[in-house]
Each structure stands twice: as C-alpha cells, then as structure tokens.
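>>> What follows is a protein structure lacking sequence information:
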Ligand code: GAR
C-alpha cells in the first residue's frame with residue numbers, strides 16, 4: 001500500500017453531487033481530495049471543487065484525436081496530483097486497458113445498479129422497463145471490463161408504485177452519498193485491495209455482490 005493512500009483525485013463529467021459528498025466527508029474524515037478533473041469544461045462539479053478550495057483540471061476529450069491520447073493526458077494530469085486513489089464519480093468516459101493497468105487496484109467507480117445486473121447507461125429506465133422490484137447502487141474496482149470490476153459494496157432500494165427514472169435517480173443518489181465516502185475511507189485506511197480480479201476487505205474475499213449495506 002502506498003503512503004499517499006489517503007490522497008484522492010476525483011474524476012467527474014457533470015453535476016458532481018457524489019464529489020460533494022466525498023468532499024464533505026473529507027473535512028472530518030481520514031482522506032483528503034487532492035484534485036478534481038473533469039472531461040467537460042461546463043461540469044457543475046468544477047464549481048463545487050472551487051468552492052471547496054480544491055484544485056481543478058479540465059481535459060476536454062473532444063480536443064484529443066484518439067482515446068489513447070486522451071487517456072495518456074488524463075493519466076499525466078492525475079499523476080501531477082500524486083494521489084493514492086482515483087475516484088470516478090459520474091465520470092462518463094470509458095477508460096482504456098493501458099490506463100487501467102497504470103493505476104491497477106487504485107481506481108474506484110460508482111454505478112447506479114446492482115452489478116453485475118444493468119451495466120452501461122440509462123440504468124433506471126431499463127430497470128423499470130424490466131419490471132424489477134429491487135434497484136440499487138454498486139461501488140467497484142475498475143478493471144478493463146466495463147462496469148465489470150469486482151464489487152466492493154452495494155446498497156439496494158425498493159422500487160415502489162409510481163416510481164419513474166427521476167424518483168429512482170433521486171433515491172439512488174441519497175444512498176450513493178453515504179456509500180461512496182464510506183468505501184473511499186476504507187481504502188484510505190488500507191482495508192481494501194484488488195488481487196487477481198477479486199476484491200478484499202480486511203483480507204476477507206468479498207462476495208460477487210460486495211459488502212451488502214442493506
Ligand atoms: C451517479 O448516479 C453515478 O452513479 C452515475 O452518474 C451519477 C453522477 O451523479 N454513474 C454512472 O452512471 C457511471 N456509469 P453526480 O454527478 O451527481 O455525482
């Protein structure tokens with residue numbers, strides 16, 4: 001485990017409500033946010049970072065001729081902050097295999113479904129269309145497989161009559177804002193690791209659904 005494991009860089013593409021929760025927790029928590037990087041210049045999360053006096057960087061993916069060039073520039077921007085952990089918080093770009101290898105075991109993502117169900121985008125509507133009664137959120141290690149890395153923790157919500165994609169998104173956000181800072185704090189304390197595509201918490205191999213919070 002590196003000695004900068006308590007230093008975190010957060011990658012965003014949009015609103016950044018998870019970034020906000022991670023920043024808020026850090027004020028009295030066991031990690032610090034060294035920087036925030038967005039691939040979109042207009043991401044509201046950049047304002048949140050500035051209000052929290054956290055340095056920001058923008059790497060507009062549209063200005064790069066290829067995914068590899070973007071990934072390399074992003075990796076260099078991350079390294080300048082010298083973080084132990086990279087936290088994807090609503091970061092809507094797919095990262096290539098070389099990028100993932102470079103930061104192996106040090107990238108977390110939050111995904112709005114009970115993985116391995118519903119990887120990809122538009123999860124709330126797809127869950128509704130399938131008539132599911134249960135939905136949820138997963139935090140997982142990022143590996144080369146999209147939304148496929150081992151799950152660290154999950155929290156579920158019941159789908160009620162009258163729920164639509166918007167109400168589900170709001171319920172999921174509430175859960176995310178508690179779950180994500182908690183998992184980041186586990187990493188900061190050196191309690192989490194990725195080994196051979198498995199996630200361990202306190203040296204305990206986590207099940208496919210990770211640590212189930214509810
Ligand atoms: C969150 O709900 C997160 O789970 C989701 O984007 C939202 C970002 O919200 N991530 C993905 O869909 C990744 N595939 P935020 O910008 O307010 O944190």
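Yep, it's here. Predicted model only: the values in this text are computed from it and were never measured.

>>> Mind checking the pLDDT average for stretch 154-166?
For stretch 154-166, mean pLDDT rounds to 97.

>>> can you check stretch 195-212 too?
95.

>>> From the rest of the structure, what touches that stretch?
105, 114, 116, 138-141, 143, 149-156, 186, 191-194 (C-beta atoms under 8 Å, 6 or more residues apart in numbering). Every C-beta, even on glycine, is put in place using the N, C-alpha and C of the backbone.

>>> For the ligand, give me its nearest residue in the chain.
Residue of the chain nearest the ligand, by C-beta to the nearest ligand atom: residue 90 (2.6 Å).

>>> so what's that residue closest to, chain neighbours aside?
residue 14 (5.2 Å; C-beta to C-beta, 6 or more residues apart in numbering).

>>> I figured the one you found was touching residue 92, is that so?
Yes - taking contacts as C-beta atoms under 8 Å, residue 14 lies within contact range of residue 92: 7.2 Å.

>>> which of those two has more neighbours?
residue 14 (18 against 14; other C-beta atoms under 10 Å).

>>> that older thread, mark which of the contacts of stretch 195-212 are buried, thanks.
105, 114, 138-141, 143, 149-156, 186, 192, 194 (16 or more other C-beta atoms under 10 Å).

>>> who in this structure is up against the ligand?
Contacts of the chain with the ligand, taken as C-beta under 6 Å from any ligand atom, map to 14-18, 89-90, 110-112, 172-173, 176.

>>> Columns pLDDT and secondary structure on top of these, output as TSV?
Below are the residues of the chain next to the ligand laid out as TSV (pLDDT from 0 to 100; DSSP: H, G, I helix; E, B strand; the rest coil):
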residue	pLDDT	secondary structure
14	98	coil
15	98	coil
16	98	coil
17	98	helix
18	98	helix
89	98	coil
90	97	coil
110	98	strand
111	98	strand
112	98	coil
172	98	helix
173	98	helix
176	98	helix
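
>>> Can I have the buried ones of those residues as a ChimeraX selection?
Entered in ChimeraX, the line below selects the buried ones among the residues of the chain next to the ligand, by 16+ other C-beta under 10 Å:
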select :14,16,17,18,89,90,110,111,112,172,176
